[in-house]
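Visitor: Dropping a prediction and its sequence here:
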Amino acid sequence: MKEPDQLPSVSALPEGTPPLREGIPHEEDSRANTRRLGRIDWCIILVFVAVLLFYFRSLLWTDSLIYGELDIRRSVYLFRKVSYDLLHRGHLPLWMPYIYCGMPLLGSFLATPFYPPDLLFAAANLPLPTAFNWDLLIHLILAQVFSFLFFRRLVGSRLGATFGSLWFWNIFFLNSVLIGDALNIRAMLLTPVVFYFVEAAFASGLRPAYLLFLPIVFSLQSLSGGVQFAFYTMAAAAAYAGFLLLYPQSIKQRLLLSLGFASAVAIGLALAGIQLAPQWEYSRLSLRSSDFDWFRVWGAQPEQLLNYLIPSGEGLCYFGIIPIILASFSTVFWKDSRKYFFVALGVLSITYSLGGNTRISILLADLPLVREFRGPFRAAILFNLSVFALAGGAFAVSIKSAGKKAILLFGVVTIVLVVGLAAAARASDLRWADVDYKIWFSLASAAASIFLAYFLFFSRRLSRYSAWFLIVLLALDLGLHYGGSFSAARVDDLFVKDEAARLLEEKARDARIMVYNTAHTNYFALFGLESAGGHHPFPLLQHVEFLPLLEKPEIASLCGVKYSVIYQRDQHGRPFNPPLSDRTGVSINLMPLKPLARAFLVRRFRTIPPDAVLSALQDDFEPASEVILEEDPGLAALAGEIGVDEGARILESTESRVLIETEAQADALLVVTNSYYPGWQAMIDGRKARILRANYIFQAVAVPGGRHTVEINFEPKSLVAGAVVSCVGGACWLGLALMLLRSGPGLTQKPDPIPQGRKEGY
């Protein structure tokens, strides 16, 4: 039977009209209407922003609260504090001296000094907790605004964009906030910004104004510190751009579009090169370069996926049952080819998030760079986005005549959904006696959404009201589950200087300590106390292999360790964590051997292969009088011990520079107990000298007899190379801007390669 809303043939349309796809009602200048935002759109955006600010109102103007705890407390706070302190003093944050006997700061992935908000906060000299809080709020607002803009363009429906804008109001993001996953959370929240500019540039004929923003957004996401999410987003954006390239009909159009996106990616990475180059160098020397299978770490368990449907227990991410129901209907009824991309992206991302827990997901581990990242569950962010993109498409569906075929399809999808929900409830061992009012509301709203979806698709009179009811139901569902979940942490509970820190400031200022039995080993570094250990998500491989040797007193002495700090356990077996109100939960012990100086001379040395050094350090090794090297120092055999009138004295020491005066009667080796790392340069009386790797993790310089001044500076070549690449990227961006702006408003002749239907008035 012929449908009453059958589309006219292409030949019957006015000349210049973009070609229509079957089932999509045509509207003149539909794209232009979608691009233009009216007052109602901006009012909706303002309401979203107001709700966000109200929810996080405790963070608006305070330096006594901070939004997250675990990751901020363990590492991020320290690295940003040291970075800000160095920027305030006019120095680049290159080296972290306070943990692991020194480690790179810029390349560590935890310092982001070139990220614009960090630069602004450091320049404004904001209190560090305030900087953390405002950083979160800025990115939340950006995510909220660009989510609406992206969905508005994608589905062409104001109500669909409103619904889709709730895509990150769930436990996935809230948990990231609560644990203080500061770097990943802002990279995640930039994801809708990336998709907006891809959609705006490519679905509208490669418009220069939008294309020029793409490399900037790519570089910002890379500079934010969340490199893993930048990788995921860039891969998804490339796939989306490739999908959109299927629609321009001429080879020239496809070539221009492909070249435009490839240029945007390359320039974006180049702009971030000043930070990415040191990070790449660090990753090659860190635990990431080991044989450890990172892809298996923190992968989602298959049973956790049930939490998408049943909001109970510990799960991956409940964002409401309504979006899944609408996405299911949209997959059948939404007449827009982009739904196939988001279906594929959703399936691929949720499979990837399982890590090594299934045979299918582990096949993805062979993809380039995949094994570099732990926590593949984080890819579920793209599943969230895909589901809401499909759900938003349901608001663009307009079936003017409820024919038998359409009603039959609706019924089939409904049966599949009901059976799926029942199976999920059974598999999750949900006991109805334990179901609280929140779960009852979620289940009731899911049932109601099926009826509302019917009116949304088939009723002109009730369609708008159904759309609003769906939005309200989802907001209430998420509000019931997460409305009271956020609670800011008190800064004094995390970072105040306790009695143990004050005591060590007096007794161990010129020495190092070793902290045991607490997850917060970086705590004392906040007050300038240096440690031979520490915490980093993926430390240098040499540190991981060397740290167990600190149990040997001679090695602890070599590292300059004067005190060990051991935290006790409470009656439940849990360790006390700093800061403590008193010293009853911690013991501070003087080490059995006196710590060696940070710089000293020796004459005895052994040159052995790198893989034999650790074994040699555990044997009869006397660090005060000999050094183990991995390459020939270029000296003849040295004889004798260091006399009382010989030695080394540190004249000046900063984070990335050490000035040492040596005095020896004959040639000797200067041992500096600062971590060996590419980029350290030595000068003896102004002449370049070679730095040798000593005792597996430290530095040594061969010095001639007499009195000399040895200057050791950290000047990584990776930083210089990255800076050059960033400058080239900036020049290329300017060149691209000139080329695109001269080419006119669009590079393709057809401004709307993917026409779409849109409900009038929505």
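Guide: Yes, it's here.
Visitor: Quick one: the strands in the stretch 651-762 of the chain, in order.
Guide: Counting by DSSP state E, counting those that start in this stretch, the segments of the stretch 651-762 of the chain that form strands are 657-664, 668-672, 680-684, 687-689, 692-694, 698-703, 706-714.
Visitor: Can you give the domain ranges for the chain?
Guide: Here the chain is described, according to automatic domain parsing, as comprising the domains 10-66+112-286+321-486+737-742, 491-590, 599-672+680-714.
Visitor: closest one to residue 91 among those?
Guide: Ranking those by proximity to residue 91 (C-beta to C-beta) places domain 599-672+680-714 first, at 7.3 Å. Bear in mind the C-beta positions are built from the backbone N, C-alpha and C, glycine included.
Visitor: Let me see the mean pLDDT of that closest one.
Guide: This predicted structure assigns domain 599-672+680-714 an average pLDDT of 92.
Visitor: do stretch 565-580 as well
Guide: Here stretch 565-580 scores 88 as its mean pLDDT.
Visitor: likewise stretch 423-432?
Guide: 76.
Visitor: Can you give the distance from it to the centre of its chain?
Guide: The gap between where stretch 423-432 is centred and where its chain is centred comes out at 34 Å by C-alpha atoms, centre = their mean, to the nearest Å.
Visitor: Grab the nearest non-local neighbour of residue 544.
Guide: For residue 544, the nearest residue in space outside its immediate sequence neighbours is residue 287; the separation is 5.8 Å by C-beta to C-beta, 6 or more residues apart in numbering.
Visitor: check contacts around residue 503.
Guide: Residue 503 makes contact with 583, 588, according to C-beta atoms under 8 Å, 6 or more residues apart in numbering.
Visitor: That one: what secondary structure?
Guide: helix (DSSP: H, G, I helix; E, B strand; the rest coil).
Visitor: Quickly note the distance from it to residue 169.
Guide: Using C-beta to C-beta, to the nearest Å, one obtains 46 Å as the distance from residue 503 to residue 169.
Visitor: what does residue 614 give?
Guide: Between residue 614 and residue 169 the distance, using C-beta to C-beta, works out to 50 Å.
Visitor: Can you pick out the residue with more neighbours from these two?
Guide: More neighbours surround residue 169 than the other of residue 614 and residue 169, with 23 against 15 (other C-beta atoms under 10 Å).
Visitor: so where is the stretch 151-300 of the chain shaky, pLDDT-wise?
Guide: 204-208, 248-249, 291-296 (pLDDT under 70).
Visitor: all strands in it, in order from the N-terminus.
Guide: Using DSSP E, counting those that start in this stretch, no strands are assigned anywhere in the stretch 151-300 of the chain.
Visitor: do the same with the stretch 1-150 of the chain
Guide: 65-66, 95-96, 103-104.
Visitor: and those as JSON lines, adding mean neighbour count and distance to residue 653?
Guide: JSON lines is the format used below for those (neighbours: other C-beta atoms under 10 Å; distance: least, C-beta to C-beta, whole Å):
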{"stretch": "strand 65-66", "mean neighbour count": "22", "distance to residue 653": "31"}
{"stretch": "strand 95-96", "mean neighbour count": "28", "distance to residue 653": "11"}
{"stretch": "strand 103-104", "mean neighbour count": "25", "distance to residue 653": "16"}
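Visitor: Can I get these in CSV including distance to residue 731 and mean pLDDT?
Guide: Conversion of the strands of the stretch 1-150 of the chain to CSV gives the following (distance: least, C-beta to C-beta, whole Å; pLDDT from 0 to 100):
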stretch, distance to residue 731, mean pLDDT
strand 65-66, 40, 96
strand 95-96, 30, 98
strand 103-104, 28, 97
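Visitor: CSV for those, including distance to residue 730?
Guide: Below are these laid out as CSV (distance: least, C-beta to C-beta, whole Å):
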stretch, distance to residue 730
strand 65-66, 34
strand 95-96, 26
strand 103-104, 24
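Visitor: Quick one: closest of those strands to residue 689.
Guide: Comparison of these against residue 689 by C-beta to C-beta identifies strand 95-96 as nearest, at 19.2 Å.
Visitor: Return the distance of the closest one from the chain's centre.
Guide: Centre-to-centre, strand 95-96 and its host chain are 21 Å apart (C-alpha atoms, centre = their mean).
Visitor: can you give me the helices in the stretch 201-350 of the chain?
Guide: The residue ranges that make up the helices of the stretch 201-350 of the chain, judged by DSSP state H, counting those that start in this stretch, are 208-211, 213-223, 227-244, 251-271, 273-285, 321-333, 338-352.
Visitor: I'd like to know which of the ones you listed is closest to residue 410.
Guide: Relative to residue 410, the nearest member of those by C-beta to C-beta is helix 321-333, separated by 7.2 Å.
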